[in-house]
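Q: the following block contains a protein sequence and its predicted model.
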Amino acid sequence: MAGNRFLVHWLIALAVVLTASQVARADTVQLNSSAGKLAVTAIATGLAAPWSLAFLPDGRMLVSERPGRLRLVSADGHLSTPIVGVPTVHAEGQGGLLDVILGPGFAQDGLIYFSFAQPTANGARTAVARAQLVLSPAAPRLKDVTVIFAQRDDPPGRHHFGSRLAFGAGGNLFVTLGERYHDRDRAQALDSHLGKIVRIRPDGSVPADNPFVGHSTALPEIWSYGHRNVQGAALHPVTGALWTHEHGPQGGDEINVPRAGANHGWPVITYGREYVTGWRIGEGTQRADVAPPVHQWTPSIAPSGMAFYTGDLFPAWRGNLFVGSLKFGMLLRVELNGDKVVSEERLLTEIGHRIRDVRQGPDGALYVLDETEGRILRIAPAN
């Protein structure tokens, strides 16, 4: 009897694995949601560790691959050859080619901006470059590649590079930066770029109204500090404020609204705990001079990618925040009331793959990067 029970359990487990595999490999699957049936379609495959997605005005997509490649993806899923001109990246651990976005004047000047782990003599640092994207039919390429920002710190290691990019309403560029894991105390140091969000002009210069301009002991690029590893950034569609999320250690992933000059606590104020021992990190979860998170996840979901939804395909979801999860293989829909989280919905759990980025497309659908299978998935109503 015990052998029969084992066989039954084994067959059930095999059926679950096969079903999940079929869901993952199908070109289109229908999944349940609070907005009705979703059609989830794989519109492109064959990407290696895709990290970021940006839509061009003509509907094509620009996708970064962490090993150091940038590709154009057509509406029918055709991948271009790697775009020529991407600088050498430190493709170790979590490092590599990271975020990519279009400049505000892309339609006129063709400028794009991208962040990457830049190799140095000591190790690596997060850097940001801009370049003109030349859309030659035969061989797209980057022209006039210029590094406009690089972290002052360049420690060795493979972890916590960040990095997301977002242009604010005034045309200044926000850059999110990790604290490189082993140097976490530097997230509180204002003479360091580790664990910071910086705000620069499109040419890399410093806006005069940055909060630490004129402070002799602080770097003028810093917008906010006390961050761990920020891999999500988006502007609120109504207020224009920057929203971010960041990885905690064991627990304590956070959603924040970083304000000018704000201290967000890491590693002295956090909900997270040490990985091995489980001991509490820092002084606790609150302190008067530390900006509290809008929301925190314990256990950690390992968030990556972030977008506010403003489209017409899902009217019930307008104003909601969407966040990818690397750990639990899902897309999280976060319903807000002002800056308060009122509910969450877990989507794509049947697929169960690492979601690295999420963007709203020009057609009102949601597009996510499936890092596990190297795919772009389009999410739309099934009808």
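A: Good, I have the coordinates.
Q: from here on, contacts and neighbour counts on C-alpha atoms
A: OK.
Q: helices of the protein, start to end?
A: Using DSSP state H, the helices of the chain run over 2-25, 106-109.
Q: weakest of those helices by average pLDDT?
A: The stretch with the lowest average pLDDT out of the helices of the chain is helix 2-25, scoring a mean of 39.
Q: surely Gly36 and Pro381 touch.
A: Yes - using Cα atoms under 8 Å, Gly36 makes contact with Pro381 at a distance of 7.2 Å.
Q: between the two, which has more neighbouring residues?
A: Looking at Gly36 and Pro381 with other Cα atoms under 10 Å, you find the greater number of neighbours at Pro381, namely 16 against 13.
Q: distance of the residue positioned nearest the centre of the chain relative to Thr88?
A: With distances taken as Cα atoms, centre = their mean, Gly305 lies nearest the centre of the chain, 3.1 Å away. Relative to Thr88, Gly305 is positioned 24 Å away (criterion: Cα to Cα, to the nearest Å).
Q: which ones are touching His159?
A: Applying Cα atoms under 8 Å, 6 or more residues apart in numbering to His159 gives the contacts Gly93, Gln94, Gly95, Arg180, Tyr181.
Q: give the buried subset of those residues as a ChimeraX selection command.
A: Buried residues within those, as defined by 16 or more other Cα atoms under 10 Å, are selected in ChimeraX through the command that follows:
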select :94,95,180,181
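Q: just the strands in the stretch 51-200 of the chain please.
A: Listed in chain order, the strands of the stretch 51-200 of the chain (DSSP state E, counting those that start in this stretch) span residues 61-65, 69-73, 97-102, 111-119, 124-134, 141-150, 165-167, 173-176, 196-200.
Q: please identify which of the ones you listed is closest to Glu283.
A: For Glu283, the closest of the strands of the stretch 51-200 of the chain is strand 196-200, at 20.0 Å, according to Cα to Cα.
Q: which residues does the closest one contact?
A: Applying Cα under 8 Å, 6+ apart, the external contacts of strand 196-200 come out as 172-179, 187, 206-207, 210, 221-227.
Q: can I get it in PDB, CA atoms only?
A: The C-alpha coordinates for strand 196-200 follow below in PDB (Å, rounded to 0.1, in the frame of the first residue of the first chain):
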ATOM      1  CA  LYS A 196      21.600  56.200  -3.400                       C
ATOM      2  CA  ILE A 197      19.200  57.600  -5.900                       C
ATOM      3  CA  VAL A 198      20.900  60.300  -7.900                       C
ATOM      4  CA  ARG A 199      19.300  63.100 -10.000                       C
ATOM      5  CA  ILE A 200      21.200  64.500 -13.000                       C
END
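Q: partners of that strand in the sheet?
A: In the sheet, strand 196-200 lines up against strand 173-176 (antiparallel), strand 222-225 (antiparallel) (DSSP bridges).
Q: much appreciated, bye for now.
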